[in-house]
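Colleague: Mind looking at a prediction? Sequence and model below.
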Amino acid sequence: MCGITGVVSINPIDRAAVEKITLTLAHRGPDAQAVYLTPEQTVALGHRRLSIIDLRDAANQPMHSPTGRYTLVFNGEIYNYEILKKELQARGTVFKTTSDTEVLLAAYEAWGKEALNRLEGMFALAIYDHHNRSLFLARDRVGKKPLYYYQSQNLFVFASEPKAILAYPACKPKINTQALLNFLQLGYIPEPLTAWQNIHKLPAACWGVVTEPGKIQINSYWSINGQVNYDVEEDEIAVTNRLSELLSNAVKKRLRSDVPLGALLSGGTDSSVVCALANEHLKGKLKTFNIAFTDAQFNESKYAERVARVLGTDHHTFSLTAPEAVGYMHKYLGHFDEPFADTSAIPTLMVSEKTRQQVTVALTGDGGDELFLGYGSYRWAERIATWQWAGKAMAPLLSKMPRAFSKAGQMLQANSPQEIFTIEQGFFTNTEMQKLSIASYSPFQFLHPANSKAPAERQALFDFNYYLPDDLLVKVDRASMYYGLECRCPLLDHEVAAYAFALPMQYKMRGRVQKYLLKKLLERYLPHELVHRPKWGFGVPLESWLRTDLAYLIEEYLNSEIVNRYALVHAKEVDKLVTRFNTGESGLYHRIWVLIALHFWLTQHAR
């Protein structure tokens with residue numbers, strides 16, 4: 001894991017400026033920094049290293065190919081690098097290190113952009129071709145590793161995080177008002193947008209080529225939508241065995257490390273499966289880590305501890321109190337660079353900090369809900385499709401009733417996966433945004449795959465393509481890399497993901513059981529009562545905190561002076577919402593929170 005930066009300019013590049021922006025990513029790579037500048041001083045590449053594979057200086061970056069044609073900076077891990085290395089050696093390639101970086105560079109020199117289809121891993125990379133004077137950029141299939149870029153007529157700057165781009169003196173970013181308003185509906189800003197008009201995200205599973213500073217040509221090389229089919233054997237035992245084989249291989253590949261490795265264990269289905277499979281491959285005890293909340297309603301640690309005892313892991317639990325959460329709050333709001341509403345980033349920051357004190361690499365259970373239909377929104381998608389006209393007729397009446405019924409009324413009027421997501425999360429609906437926004441508001445136009453999948457699976461595709469890469473994986477990347485901890489997600493292996501989306505519906509939702517097949521696999525390792533229990537999720541007691549320890553944030557960032565200063569939303573509408581919340585109305589706290597996150601960000605970035 002690392003942090004990468006780069007500049008392409010028609011004007012001479014100041015090495016000191018590149019050194020400076022690369023230094024802003026020191027948290028991502030605490031072990032080494034280096035910058036390469038071409039003789040013409042028109043292209044620069046920067047790298048901060050977190051040493052995981054081959055800890056020697058010889059494996060540092062930027063790395064040059066033996067021919068001198070290519071120079072590489074890369075963030076991430078290539079899990080099948082040893083297999084690729086053997087194939088390249090058979091072609092005559094000689095290697096000087098045991099790193100995956102050198103293999104990646106040789107793979108590109110041998111196969112060009114087609115090398116992307118051979119890679120198994122998480123990555124964001126940049127390769128400069130000295131012969132063609134072009135810069136090649138790419139991200140992994142799922143979007144685990146980030147890559148942002150700024151472009152103007154004379155300048156192109158890229159980095160692992162926006163903070164590095166913002167630190168480059170010649171970058172003049174402009175606020176993207178529509179993207180900020182999209183945030184109020186989603187809790188994140190969807191790719192390729194960012195909070196700035198001239199800063200973009202390179203989308204997941206895409207590559208791009210820069211031949212001159214102001215132009216980038218972007219193409220996709222993989223899509224989960226293209227993997228979806230039903231060509232899967234129907235026998236349940238055979239299907240469970242195949243999933244076990246795929247997932248076991250995915251876990252095994254992610255155990256390769258030259259530094260200490262552990263796993264995050266919440267006690268839920270996903271992390272428990274990952275830890276159970278990791279245990280089978282490791283010789284010693286697996287170190288596992290968990291967060292305990294003092295609020296019992298959100299404290300899942302007792303389950304994590306029971307799972308750890310059954311699996312025999314070396315388990316560590318860390319407690320998070322409300323006052324401690326306040327200490328992490330400003331760190332979370334500021335570090336993510338863009339408005340970001342997922343408050344589970346707070347415990348993720350804490351568990352990353354504590355975990356990093358013992359290991360450098362941690363396995364996680366991210367991806368299980370999207371692949372095996374674990375969220376409540378998937379049941380709603382099925383209900384809406386089933387009730388259809390009857391539900392539409394009932395919706396206006398239900399909307400006027402107490403909270404539980406009014407949410408159902410809103411859901412029954414939802415017409416897209418995005419609307420279902422927004423209502424399930426408790427953010428602002430299209431109707432509410434028309435009242436709230438001062439500027440004319442246009443919802444983000446999501447691309448919904450045209451296929452015959454069930455409504456729940458279409459909802460899962462939406463989450464996989466947007467919510468996962470733009471929220472969940474951003475949270476894990478920023479929080480873990482803040483402390484130099486590398487997180488690996490076996491469930492998001494692209495072969496596992498493709499297999500899961502190819503499974504018939506009955507293997508994911510059966511009766512009242514969600515994530516059916518994953519739980520069948522877990523039954524091989526844990527007793528029934530630990531497998532089949534209510535879903536908790538990795539949330540925080542946000543509503544309670546906003547009424548107590550974090551109430552000051554409402555006063556500080558949602559007062560009329562602040563809201564009017566930035567003039568994105570109507571202060572009167574915000575005041576009404578705050579009054580309703582302060583008088584005890586439930587179900588409003590996520591809307592309060594996205595407004596706080598937005599205005600906190602504006603105070604830091606809007607001038």
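Modeller: Good, I have the coordinates.
Colleague: Quick one: residues contacting the residue most central in space within the chain.
Modeller: Geometric centre of the chain, nearest residue: L473, 1.2 Å, by Cα atoms, centre = their mean. By Cβ atoms under 8 Å, 6 or more residues apart in numbering, L473 lies in contact with 142-144, 366, 489. Yep, even glycine has a C-beta here, placed from its N, CA and C like the rest.
Colleague: quick one: which helix or strand includes it?
Modeller: According to DSSP states H and E, L473 maps onto helix 473-481.
Colleague: Check E338 too.
Modeller: Going by DSSP H and E, E338 is not part of any helix or strand.
Colleague: Is it in contact with P190, as I believe?
Modeller: No - using Cβ atoms under 8 Å, E338 is not in contact with P190; the gap is 11.3 Å.
Colleague: if we can go back for a sec, distance of the residue nearest to the centre of the chain relative to Y378?
Modeller: 19 Å (Cβ to Cβ, to the nearest Å).
Colleague: P39 now?
Modeller: 56 Å.
Colleague: Show me the shaky parts of the stretch 251-400 of the chain.
Modeller: 295-299, 388-393, 395-396, 398-400 (pLDDT under 70).
Colleague: Kindly report the same for the chain.
Modeller: 229-233, 295-299, 388-393, 395-396, 398-405, 449-452, 536-538.
Colleague: again, 80 this time
Modeller: Where the chain drops to pLDDT under 80, the residues are 1, 226-234, 293-300, 320-322, 325-326, 387-409, 448-453, 534-539, 607.
Colleague: what does the helix or strand where S244 lies contact?
Modeller: In this structure, S244 is located in helix 236-253 according to DSSP H and E. Helix 236-253 is contacted from outside by 79-80, 120, 232-233, 273-274, 277-278, 280-281, 363, 490-491, 493, 495-496, 499-500, 503, 507, 517-518, 520-521, 524, using Cβ under 8 Å, 6+ apart.
Colleague: immediately after it, which helix or strand?
Modeller: strand 261-264.
Colleague: Return the list of helices and strands in contact with that following strand.
Modeller: Other helices and strands packing on strand 261-264, by 3 or more Cβ pairs under 8 Å, 6 or more residues apart in numbering; DSSP states H and E, are helix 269-281, strand 287-293, helix 345-356, strand 361-363.
Colleague: Can you give the contact residues for whichever helix or strand comes after the shortest one?
Modeller: Counting by DSSP H and E, the next helix or strand C-terminal to strand 361-363 is helix 368-372. Around helix 368-372, the neighbours that count as contacts under Cβ under 8 Å, 6+ apart are 269-270, 273, 374-375, 460, 463-464, 467-468, 491, 496-497, 500-501, 508, 514-518.
Colleague: Same question for stretch 54-66.
Modeller: Contacts for stretch 54-66 (Cβ under 8 Å, 6+ apart): 2, 4, 32, 34-36, 45-47, 49, 51, 53, 70-74, 94, 96-99, 101-102, 105-106, 109, 258-259.
Colleague: for stretch 435-449, same thing?
Modeller: For stretch 435-449, using Cβ under 8 Å, 6+ apart, the contacting residues are 177-178, 181-182, 184-186, 190, 193, 225, 228, 416-418, 428, 430, 433-434, 458, 461-462, 465-466, 567-570, 573-574.
Colleague: Buried subset of these, written for PyMOL?
Modeller: A single PyMOL command selects the buried members of the contacts of stretch 435-449 (16 or more other Cβ atoms under 10 Å):
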select buried, resi 177+178+181+182+184+185+186+190+193+225+228+417+418+428+433+458+461+462+465+466+568+569+573+574
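Colleague: which stretches of the stretch 1-150 of the chain form strands?
Modeller: Using DSSP state E, counting those that start in this stretch, the strands of the stretch 1-150 of the chain run over 2-9, 32-37, 43-49, 63-64, 70-78, 121-129, 134-139, 148-151.
Colleague: can you check the stretch 351-500 of the chain too?
Modeller: Counting by DSSP E, counting those that start in this stretch, the strands of the stretch 351-500 of the chain are 361-363, 486-488.
Colleague: Tabulate the ones you listed (JSON lines), appending distance to D477 and mean neighbour count.
Modeller: Output for the strands of the stretch 351-500 of the chain, formatted as JSON lines (distance: least, Cβ to Cβ, whole Å; neighbours: other Cβ atoms under 10 Å):
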{"stretch": "strand 361-363", "distance to D477": "13", "mean neighbour count": "25"}
{"stretch": "strand 486-488", "distance to D477": "8", "mean neighbour count": "25"}
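Colleague: Those: which one's closest to Q217?
Modeller: Proximity to Q217 (Cβ to Cβ) singles out strand 486-488 among these, at 30.9 Å.
Colleague: Partner strands of the closest one, with direction?
Modeller: strand 361-363 (parallel) (DSSP bridges).
Colleague: who touches the strand it pairs with?
Modeller: 52, 251, 254-255, 257, 259-264, 274-275, 278, 289, 352, 355, 480, 485-490.
Colleague: Not counting sequence-adjacent ones, nearest residue to Y466?
Modeller: P190 (5.3 Å; Cβ to Cβ, 6 or more residues apart in numbering).
Colleague: no wait, E457
Modeller: Nearest to E457 is M505, by Cβ to Cβ, 6+ apart, at 6.7 Å.
Colleague: cool, H281 as well?
Modeller: K252 (5.0 Å).
Colleague: Distance check, that neighbour against W207.
Modeller: 28 Å.
Colleague: Now do the helix or strand containing A597: distance to the chain's middle.
Modeller: In this assignment (DSSP H and E), A597 forms part of helix 589-605. Distance of helix 589-605 from its chain centroid, counting by Cα atoms, centre = their mean, to the nearest Å, is 20 Å.
Colleague: now stretch 438-448
Modeller: Counting by Cα atoms, centre = their mean, stretch 438-448 comes out at 22 Å from the chain centroid.
Colleague: For it, what is the spacing between the initial and final residues?
Modeller: Using Cα to Cα, to the nearest Å, one end of stretch 438-448 lies 28 Å from the other.
Colleague: Flag every buried residue along that stretch.
Modeller: In stretch 438-448, the ones that count as buried by 16+ other Cβ under 10 Å are 438, 441, 443-444.
Colleague: Return the set of buried residues in stretch 518-529.
Modeller: Buried-residue list, stretch 518-529, by 16+ other Cβ under 10 Å: 518-522, 525-526.
Colleague: Closest to E324 out of those residues?
Modeller: L526 (30.5 Å).
Colleague: which residue packs closest to the closest one, ignoring adjacent ones?
Modeller: Nearest to L526 is V310, by Cβ to Cβ, 6+ apart, at 5.7 Å.
Colleague: list the contacts for that neighbour?
Modeller: Contacts for V310 (Cβ under 8 Å, 6+ apart) come out as 525-527, 530.
Colleague: do A16 as well
Modeller: Contacts of A16 (Cβ under 8 Å, 6+ apart): none.
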